[in-house]
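My questions concern the predicted model and sequence given below.
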Amino acid sequence: MRAELARRVDADQAMRRAWTARRSGRISEQERAECGAVDEDNTAWLRRVVAEHGWPGRSLVGEKGAHDAWLLAQHADHDHAFQADCLTLLVAAVDAGEASSADLRCLTDRVRRVRGDPQLYGTQFWYGPDGDGGLQPQPIADLDRLDERRAAVGLGPFAEYQALMMDTYEGQRCLALRDW
């Protein structure tokens, strides 16, 4: 299972890295379809794993494997119900020491945004609702207390995270959430 998680994440990330390396603008319809097919296949596989074994935590698949399982759930945007189920399982896994708190915060924000709620930890960025703006955080609840919430769960200051995101992804429109 650990090897299969790694293989699936490698394919997921190779596809996304190829887009960002191009820096050529929006994802084509063919690329969108290819991404959708990879994400749907990964989600179906993760769904079977979860049904048979529960959340693939550290004791089952190791630290990297647990992180890889989170990434597949994070990219399951086409299946909101399953993504929300994964969030519930991830909460329990973090409580049991089986998964990363940082991964939980990212999936929490992702699920909240899918529901139309503002994120809590500022982990999700986009290029605006129409995809034409500069890279920016998606809406965040109670911005004045953001760093306090982040610190309470072991995340660093938002300004540092935002600088990292800008350094990594600014100008790479293919990473707009609406294109994923």
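Okay, I see it.

so where's this structure uncertain?
Residues of the chain that meet the criterion pLDDT under 70 lie in 19-27, 130-133, 170-180.

try 50
Scanning the chain for pLDDT under 50 picks out 24, 173-180.

most remote residue from it's center?
Ranked by distance from the centre of the chain (CA atoms, centre = their mean), the top residue is residue 144, with 24.0 Å.

Roughly how far does that one sit from residue 158?
In this view, residue 144 and residue 158 are 11 Å apart by CB to CB, to the nearest Å. Where you see a C-beta, it was placed from the backbone N, CA and C, and this is true even at glycine.

is it fair to say the residue farthest from the centre of the chain lies in a helix?
Yes. Judged by DSSP: H, G, I helix; E, B strand; the rest coil, residue 144 forms part of a helix.

can you pull out the strands in this protein?
Counting by DSSP state E, the segments of the chain that form strands are 125-126, 136-137.

Turn those into JSON lines, including distance to residue 11 and mean neighbour count.
As requested, the strands of the chain are exported to JSON lines (distance: least, CB to CB, whole Å; neighbours: other CB atoms under 10 Å):
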{"stretch": "strand 125-126", "distance to residue 11": "23", "mean neighbour count": "20"}
{"stretch": "strand 136-137", "distance to residue 11": "28", "mean neighbour count": "16"}
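
Let's have the ones you listed in JSON lines, adding distance to residue 96.
Listed next are the strands of the chain as JSON lines, based on distance: least, CB to CB, whole Å:
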{"stretch": "strand 125-126", "distance to residue 96": "30"}
{"stretch": "strand 136-137", "distance to residue 96": "30"}
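
For residue 33, which of the ones you listed is the nearest?
Among these, strand 125-126 comes nearest to residue 33, with 20.9 Å by CB to CB.

What helices and strands are in contact with that closest one?
Helices and strands in packing contact with strand 125-126 are listed as strand 136-137; criterion 3 or more CB pairs under 8 Å, 6 or more residues apart in numbering; DSSP states H and E.

All good on my end, thank you.
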